[in-house]
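Visitor: dropping a prediction and its sequence here:
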Amino acid sequence: MSTSTSWKDALTSAGFTGDLVTPGDADYESALVRFAKNSQKKAGLVAFVKSPEDVSIVIKYASANNIPLVIRGGGHSSGGTSSTEGGIVIDLSRHLNSVRIDEAKRMGYAGGGATWTAVDAEAIKHGLATVGATINHTGVGGHATIVTSNGSILTVNETTNSDLFWGIRGGGSNFGCVTEFVYKLHPQRSHVFAGPLIFPVPRIAEVAAAAEEWYSNASEKEGLMVITTNKGPTGNPALLAVVFFNGEEEEGRQRFKSLFDLGPVMTLAAMIPYEKLNALQNDHTKYNQNYHFVGGIRTSVTPDVAKTVFDNMLETMNAPSEANMKMVLIWEYHVLKKLASVSSDATAFPMRVPRPITVMMINWTGDDEKSALDARQRLDAIKAFSDEALAPAFEEKGGKTELDTGYTNMEMGDPRSEDVARAIFGPNYARLQQLKKKHDPDMVFKTWYPIVPASTA
């Protein structure tokens, strides 16, 4: 009997009710599929759980038998943290993926395997929305139900297991597997003004200047992303500004007057259903392809720096390669005053700063190690150049602080590194170590920015 089969038999005997998939099963290969193809690994068993009780059974069994264990929610990690080579995957995506809305209480209940596509679509039916992702096929991440390392099924909120509630809001999967998230919902109009404005590539400096002019007076009802790439839809470099205004088109055009006055060669911004907003970037981020993401905190992007960084990106990507590579560099312009008004120790996530981020993503064909290494090296080179070019503007604003720790979805260093985790969680790390000691002293959960328990630090 194979190891995987013995695991399957043991979990079934323990009362597991979901689907257990092992090598050789018809759906095994599809069970391994992730957003980033390069992050996929050959699991020994994939447990498609149907309940918190199923999760508890798997955690207890894996822990007792020292079997590597990972959790797959939306499967959107390009760092491979929701995959395992030979271990067990707790997969929430098949059965725990539904969303229900309590309109009267303005609460949304999302299964741990739900994506923002489902959350957005269900909530807007009731004229509601919540704070979420900018790409709708990412997993959701609220009041929650969590299964901890000893198999306990806990409700966490501000009054019940409040320490754990604090920890999971930024601490990721360090403390267990969340089977349900509960979100506060807010009134939301059904249609918004949003979409891309497409500009000739040589106008990058003018677009950057217009974006900065708009950002200086932007309200919380609007947002912008300036997107550059070496390969647009025609295969040539492209430059676009994706605008968003939570209101009518006439006012939206007025709010983004500095960009419209430049005369984009094509305007695709229009009134669209709210739930389509977070699908605007899907063409850049198609599922099950090879990806790496990096990012960095920044302040302003001057016209000269914008052109220099864009030119460097094109030069780096135009160097000969055996693989077909696409690089996307995005300057996000989100209004972060609300986020920054929250204390850095209010949740485990400490980066409560008003500064936006630069997002860099490389996508390539070919599953060989040479192509993957080539892509990684180009991405790292572009990030290093961008960080250096943006540094003077940052220094003018006082430089980085201990709260400029980074956004963990952007592969901030090795996601399996304890040292990187210490830097990411910054001033909150010591408190997180105490929580780890209490809820996961044996480090059952250690594949995503692992926190070392206080007793073994």
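Guide: Done, it's in.
Visitor: start and end of stretch 146-161, how far apart?
Guide: 11 Å (Cα to Cα, to the nearest Å).
Visitor: gap between that stretch and the chain center?
Guide: 23 Å (Cα atoms, centre = their mean, to the nearest Å).
Visitor: contacts only, for V70.
Guide: If you count contacts by Cβ atoms under 8 Å, 6 or more residues apart in numbering, V70 has them with 81-84, 87-90, 447. Yep, even glycine has a C-beta here, placed from its N, CA and C like the rest.
Visitor: what does G108 give?
Guide: Neighbouring residues of G108 by Cβ under 8 Å, 6+ apart: 99-102, 119, 122-123, 128, 130, 182-185.
Visitor: can we see that at 7 Å?
Guide: The neighbours of G108, taking Cβ atoms under 7 Å, 6 or more residues apart in numbering as the test, are 99, 101, 119, 123, 130, 183, 185.
Visitor: let's see which of those residues end up in strands.
Guide: 99, 101, 183 (DSSP state E).
Visitor: what about those residues, which one has the most neighbours?
Guide: Counting neighbours by other Cβ atoms under 10 Å, Y183 leads those with 24 neighbours.
Visitor: the stretch 1-150 of the chain: helices as residue ranges?
Guide: Counting by DSSP state H, counting those that start in this stretch, one finds helices in the stretch 1-150 of the chain at the ranges 3-13, 28-31, 52-64, 116-124.
Visitor: now do the end-to-end distance for stretch 7-27.
Guide: Span of stretch 7-27 from end to end, Cα to Cα: 17 Å.
Visitor: an error on my part: the question was meant for stretch 221-235.
Guide: Taking Cα to Cα, stretch 221-235 runs 34 Å from one end to the other.
Visitor: now swap in stretch 65-85 and tell me
Guide: 16 Å.
Visitor: same question, stretch 44-61
Guide: One end of stretch 44-61 to the other measures 14 Å (Cα to Cα).
Visitor: residues in contact with it?
Guide: Residues from elsewhere that reach stretch 44-61 (Cβ under 7 Å, 6+ apart): 3-4, 7-8, 10-11, 14-22, 31, 69, 86-92, 94-96, 145, 147, 149, 151, 153, 177, 179, 444.
Visitor: same question, stretch 16-33
Guide: Contact partners of stretch 16-33, identified using Cβ under 7 Å, 6+ apart, comprise 4-5, 8, 11-12, 40, 42-43, 45-51, 54, 57, 91, 94-95, 288.
Visitor: and for S98, the neighbour number?
Guide: 13.
Visitor: ok, for it, nearest residue in space, not its chain neighbours?
Guide: Closest residue to S98 apart from its sequence neighbours, by Cβ to Cβ, 6 or more residues apart in numbering: G111 at 5.2 Å.
Visitor: didn't that neighbour look like it was pressed against L96?
Guide: Yes - G111 is within contact range of L96, at 3.7 Å (criterion: Cβ atoms under 7 Å).
Visitor: who's more crowded, those two?
Guide: L96 (26 against 22).
Visitor: wait, what's in contact with that one?
Guide: Here L96 is in contact with 49, 111-113, 179 (Cβ under 7 Å, 6+ apart).
Visitor: give me the pLDDT for it.
Guide: Turning to L96, the model gives it a pLDDT of 96.
Visitor: could you pull up phi and psi at it?
Guide: Main-chain dihedrals, L96, degrees, to the nearest 10: phi -100, psi 60.
Visitor: just use 4 as the starting number from now, easier for me
Guide: Sure thing, new numbering starts at 4, so read that last one as L99.
Visitor: in stretch 297-313, which residues are buried?
Guide: Along stretch 297-313, these residues count as buried under the neighbour rule (16 or more other Cβ atoms under 10 Å): 297-306, 308-313.
Visitor: strands along the stretch 304-453 of the chain, start to end?
Guide: In the stretch 304-453 of the chain, the segments counted as strands under DSSP state E, counting those that start in this stretch are 328-337, 360-367.
Visitor: need these in JSON lines with distance to P240, mean pLDDT and mean neighbour count, can you?
Guide: Converted to JSON lines, those look like this (distance: least, Cβ to Cβ, whole Å; pLDDT from 0 to 100; neighbours: other Cβ atoms under 10 Å):
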{"stretch": "strand 328-337", "distance to P240": "10", "mean pLDDT": "96", "mean neighbour count": "21"}
{"stretch": "strand 360-367", "distance to P240": "15", "mean pLDDT": "94", "mean neighbour count": "22"}
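Visitor: and the gap between the most centrally placed residue in the chain and D383?
Guide: What sits nearest the mean C-alpha location of the chain, by Cα atoms, centre = their mean, is N412, with 4.3 Å. As judged by Cβ to Cβ, to the nearest Å, N412 and D383 stand 17 Å apart.
Visitor: run a quick neighbour tally on the closest residue to N249 other than its chain neighbours.
Guide: In space, and not counting its chain neighbours, N249 is closest to K224: 4.3 Å by Cβ to Cβ, 6+ apart. Look at K224: counted by other Cβ under 10 Å, it has 14 neighbours.
Visitor: so what's K224 up against?
Guide: By Cβ under 7 Å, 6+ apart, the contact set of K224 is 248-250.
Visitor: and those residues as TSV, adding neighbour count and secondary structure?
Guide: TSV is the format used below for these (neighbours: other Cβ atoms under 10 Å; DSSP: H, G, I helix; E, B strand; the rest coil):
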residue	neighbour count	secondary structure
F248	22	strand
N249	20	coil
G250	16	coil
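Visitor: T404: which of those is nearest?
Guide: T404 lies nearest to N249 out of these, by Cβ to Cβ, at 30.2 Å.
Visitor: M330 against G235, yeah?
Guide: No - using Cβ under 7 Å, M330 is not in contact with G235; the gap is 11.4 Å.
Visitor: returning to what we had before: the residue nearest to N249 and V36, how far apart?
Guide: Note on K224: its distance to V36, by Cβ to Cβ, is 37 Å.
Visitor: dump the residue contacts of N160.
Guide: So N160 contacts 146, 168 (Cβ under 7 Å, 6+ apart).
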